[in-house]
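Colleague: Return atomic coordinates for the entry below.
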Amino acid sequence: MGPYREAYRRSVEDPAGFWAEQAARISWFHKPSLVLDESRPPFYRWFGDGVLNTCYNALDRHVVSGRADQPALIYDSPVTGSARTFTYADLLERVAAFAGGLHALGVGQGDRVVLYMPMVPETVIAMLACARIGAVHSVVFGGFAPAELAARIDDAQPKVVLSASCGIEPTRVVEYKPMLDRALELAEHKPQTCVILQRQQATAELVEGRDLPWAQVHRAGANDPAPCVPVDALDPLYILYTSGTTGRPKGIVRDNGGHAVALRWSMDNVYGIQPGDVWWAASDVGWVVGHSYIVYAPLLAGATTVLYEGKPVGTPDAGAFWRVVSDHGVNALFTAPTALRAIKKEDPSGTMLGDYDLSSLRTLFLAGERLDPDTYSWSSELLGVPVVDNWWQTETGWPICASPRGLEELPLKAGSPSVPVPGYDVRVLDEAGAEVPTGQEGAICVKLPLPPGTLPTLWNDDERYVSSYLARYPGYYLSGDGGYIDNDGYVFVMGRTDDVINVAGHRLSTGSMEAVLAQHPAVAECAVIGVADPLKGQLPRGFVVLKAGVSVQEEDLATELVQLVREQIGPVAAFRTVSVVPALPKTRSGKILRRTMREIADGGTPNVPSTIEDPAVLETITPALRG
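Modeller: Numbering: from 1, shown residues only. A predicted model of the protein is given here:
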């Protein structure tokens with residue numbers, strides 16, 4: 001039995017014993033004696049009587065142990081043409097000062113603080129400052145529409161809102177303050193103070209009596225820096241909102257104890273990252289990847305984390321990612337497949353790679369959406385390093401499935417995020433709740449209890465937590481994704497279960513069809529949706545975006561793609577329609593809005609998610625969807 005299988009076996013057979021060992025790697029003010037509380041299923045709790053501070057574990061501990069002068073945070077901003085490096089000592093000083101400033105504003109343990117911020121060091125500092133004083137932060141993606149921000153403010157009821165005058169996109173400056181002002185007009189809850197970071201690209205007007213300049217709050221705290229406040233392991237560290245099916249956002253709660261233990265364990269065991277390594281998660285702190293793997297996990301592990309204010313293309317070109325890896329000696333890059341597809345679309349042959357030294361790069365990790373085999377093959381061949389898919393969700397906070405590089409370098413399989421990570425007892429169930437045979441698709445679920453670091457509940461809504469995730473299959477967490485497990489124990493995630501279509505009684509995965517379309521050399525990215533059909537129930541329709549510089553006859557391409565699906569999936573798919581579109585509608589995290597596309601194609605009026613990156617794309621392709 002290899003190291004992975006032994007760790008996985010122990011984690012599911014004796015979860016309390018396994019995680020008690022991992023908890024010893026965290027500094028506690030009071031070490032937990034009760035590792036797993038199973039007294040109130042399905043509400044399982046980890047390290048219930050432990051007391052710790054997440055900020056202490058991320059910063060103070062490393063300064064005390066001799067890493068004061070090691071870089072903790074590298075800020076790289078091509079949109080402003082600037083870069084800065086903060087050592088662990090630098091970051092600790094700034095965090096303690098801003099925490100003191102928040103404390104002077106009356107923010108205390110358990111109070112909520114909403115962040116509406118761009119990708120700047122102050123955002124990371126503010127998150128850690130909240131953790132330092134036991135406040136609960138809730139980061140809302142900078143640039144969210146006022147109504148959506150208002151909904152989150154009303155739900156979290158923050159004492160203070162932290163924002164900036166603007167965010168910077170490749171082609172424009174986005175002023176945040178007018179959107180924040182409008183959100184506060186719409187919100188029923190009124191925070192007592194807003195702290196505004198003024199950026200030189202746009203200056204915000206401050207409201208007298210409510211708004212304070214960021215620099216003023218920081219200066220006040222520098223005169224009285226805050227120490228770390230001991231908090232219970234079960235106390236919430238943050239709330240992160242994700243879209244709900246009802247339109248009301250769901251506040252995912254992350255507790256302090258389980259979060260610190262799980263993320264610390266994941267950095268070396270899942271990602272193979274050691275103290276002193278340079279790690280770059282090319283995401284945004286508005287998303288769970290940014291929380292877990294830009295801010296907390298790398299700092300808990302004593303690594304150096306890169307904070308990037310830019311895009312994969314357009315800041316300035318498709319070589320942007322390779323430049324950052326080269327400039328900062330990045331050892332591992334974590335991003336979304338959509339970022340690689342954007343780079344591939346602009347630079348299909350990867351010629352820009354030749355301008356940079358990528359000798360430091362050991363591994364490319366991808367997550368956030370299904371990694372199609374074509375993107376996997378392209379990036380593997382281009383970079384010459386392992387390309388490791390991993391699958392997880394906002395709710396879980398860290399990977400459900402991955403190739404655990406620090407435990408054992410298992411073989412990689414195109415189309416699979418590899419195997420269940422220790423702690424996750426992954427099962428595939430049919431509609432009746434029975435496990436399906438190996439190789440058969442079903443609903444991917446995780447047997448309770450979920451491991452540490454996953455959501456213990458929703459903010460102020462235990463009932464919705466149960467109805468959303470636990471009620472469908474009692475004793476299991478419903479991931480909402482469908483797929484199968486092969487003979488080697490590898491999990492294949494084929495897409496959301498609502499993306500499984502029913503064609504004349506045959507249940508077919510749109511993910512499987514997308515994998516076929518992506519093989520075509522002219523296709524940069526694609527989406528397949530099921531459209532209502534009076535005869536067969538549903539029929540699949542494909543939408544493809546061409547690679548840059550590719551010129552083809554659309555009718556000829558459609559014929560070729562239809563034939564590919566017919567050959568590889570079969571006539572049963574009834575795949576006959578493909579449209580070439582200039583772009584696909586996506587969320588800011590890169591997920592294609594297939595459900596929204598399907599609703600338009602079926603003639604409905606979609607509830608467009610607040611997370612959409614560019615509403616104009618949806619308008620552009622609507623005629624193709626309606627057609």
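Colleague: For the rest of this, base every contact and every neighbour count on C-alpha atoms.
Modeller: Noted.
Colleague: Return, as residue ranges, the portions of the chain with sub-threshold pLDDT.
Modeller: Scanning the chain for pLDDT under 70 picks out 1, 243-247, 498-499, 504-507.
Colleague: Kindly state the domain boundaries assigned to it.
Modeller: Following automatic domain parsing, one finds the domains of the chain at 3-416+423-483, 504-626.
Colleague: how long is the longest one end to end?
Modeller: Translated: domain 3-416+423-483. Terminal residues of domain 3-416+423-483 lie 26 Å apart, using C-alpha to C-alpha, to the nearest Å.
Colleague: Can you say which of the domains of the chain is packed in most?
Modeller: Greatest average neighbour count among the domains of the chain goes to domain 3-416+423-483 (a mean of 20), per mean count of other C-alpha atoms under 10 Å.
Colleague: roughly how far out does that one sit from the chain middle?
Modeller: Domain 3-416+423-483 sits 7 Å away from the centroid of its parent chain (C-alpha atoms, centre = their mean, to the nearest Å).
Colleague: For V572, see how far away R541 is.
Modeller: Separation of R541 from V572 (C-alpha to C-alpha) stands at 14 Å.
Colleague: rewinding a little: need the domains of the chain in TSV with distance to G489, can you?
Modeller: What follows is those, written out as TSV (distance: least, C-alpha to C-alpha, whole Å):
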stretch	distance to G489
domain 3-416+423-483	9
domain 504-626	19
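Colleague: So which of these is nearest T497?
Modeller: When these are compared for distance to T497 using C-alpha to C-alpha, the nearest one is domain 3-416+423-483, at 4.9 Å.
Colleague: And K345, how close does it get to G480?
Modeller: 30 Å.
Colleague: Next: W28.
Modeller: According to C-alpha to C-alpha, W28 and G480 sit 35 Å apart.
Colleague: for L105, same thing?
Modeller: To G480, L105 is 41 Å away according to C-alpha to C-alpha.
Colleague: contact partners of stretch 16-25?
Modeller: With contact meaning C-alpha atoms under 8 Å, 6 or more residues apart in numbering, stretch 16-25 is reached by R10, S11, V35, L36, V261, A262, R264, W265, P452.
Colleague: Helix, strand or coil: sort out the first one for me.
Modeller: Three states are possible here, and by DSSP: H, G, I helix; E, B strand; the rest coil the one that applies to R10 is helix.
Colleague: most distant residue from the middle of the protein?
Modeller: Going by C-alpha atoms, centre = their mean, the residue of the chain most distant from its centre is L535, 39.2 Å out.
Colleague: Quick check: that one is in a strand.
Modeller: No - using three-state DSSP, the assignment for L535 is coil, not a strand.
Colleague: mind checking the SS state of the nearest residue to P451 once chain neighbours are set aside?
Modeller: Distances taken as C-alpha to C-alpha, 6 or more residues apart in numbering place G423 nearest to P451, at 5.1 Å, with adjacent residues excluded. Following three-state DSSP, the label given to G423 is coil.
Colleague: can you give me the strands for the stretch 401-550 of the chain?
Modeller: Under the criterion DSSP state E, counting those that start in this stretch, the stretch 401-550 of the chain contains strands at 401-402, 419-420, 425-429, 442-447, 476-485, 491-496, 500-503, 506-509, 523-533, 537-546.
Colleague: Which among those strands is found nearest to S138?
Modeller: Using C-alpha to C-alpha as the measure, strand 476-485 is the one of the strands of the stretch 401-550 of the chain that comes nearest S138, at 23.0 Å.
Colleague: What pairs with the closest one, parallel or antiparallel?
Modeller: Using DSSP bridges, strand 476-485 pairs in its sheet with strand 442-447 (antiparallel), strand 491-496 (antiparallel).
Colleague: List of residues touching the lengthiest helix in the chain?
Modeller: Using DSSP state H to assign secondary structure, the helix with the most residues in the chain is helix 88-104. With C-alpha under 8 Å, 6+ apart as the test, helix 88-104 has contacts from 59-60, 62-63, 67-73, 125-126, 128-130, 132-133, 217-227.
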